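Novice: Fold the stuff below for me.
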Amino acid sequence: MAKVNYNKKTKILSIRLSDKQSVDSDVQGNVVVDYDKEGKIVNIEIMNINFEEFSKTKDRLTELLKIREEAAV
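Specialist: Down below sits the predicted model:
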């Protein structure tokens, strides 16, 4: 179910790993990690990332998330 999204206007890269609701967050620099009630990561947001950086990493992120999903099955 992993989804990668980039908002060009806000310069936020979002990596959604689960549909579960976020109940806690950890912020370090320009990275926000959201956790569900079981402590599992449900979303990662990277703030202030430019489009060129996103373009370079998009395919690799998608590949890694697909591997993660396949391993979970």
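
Novice: show me the contacts for the nearest residue to N7 once chain neighbours are set aside.
Specialist: Excluding its sequence neighbours, the residue lying closest to N7 (C-beta to C-beta, 6 or more residues apart in numbering) is S14, at 7.4 Å. The way it works is simple: take the backbone N, C-alpha and C, and place the C-beta from them, glycine included. Taking C-beta atoms under 8 Å, 6 or more residues apart in numbering, we find S14 in contact with K3, V4, N5, Y6, N7, N43, I44, E45.

Novice: Now, of those residues, which are buried?
Specialist: The neighbour-count test (16 or more other C-beta atoms under 10 Å) marks V4, Y6, N43, I44, E45 as buried among these.

Novice: Can you tell me the strand partners of the helix or strand where the third one lies and which way each runs?
Specialist: Spelled out, that is N43. Using DSSP states H and E, N43 sits within strand 41-47. Its sheet considered, strand 41-47 pairs with strand 12-16 (antiparallel), strand 31-35 (antiparallel) by DSSP bridges.

Novice: returning to that earlier point: and the pLDDT at the residue nearest to N7?
Specialist: Looking at S14, its pLDDT reads 92.

Novice: what's across from it in the sheet?
Specialist: Beta-bridge partners, per DSSP bridges, of S14: N5, E45.

Novice: nearest to E63, of the strands paired with strand 41-47?
Specialist: The minimum distance between E63 and the strands paired with strand 41-47 falls on strand 12-16, with 12.6 Å, by C-beta to C-beta.

Novice: in the closest one, what's buried?
Specialist: In strand 12-16, counting by 16+ other C-beta under 10 Å, buried: I12, L13, S14, I15, R16.
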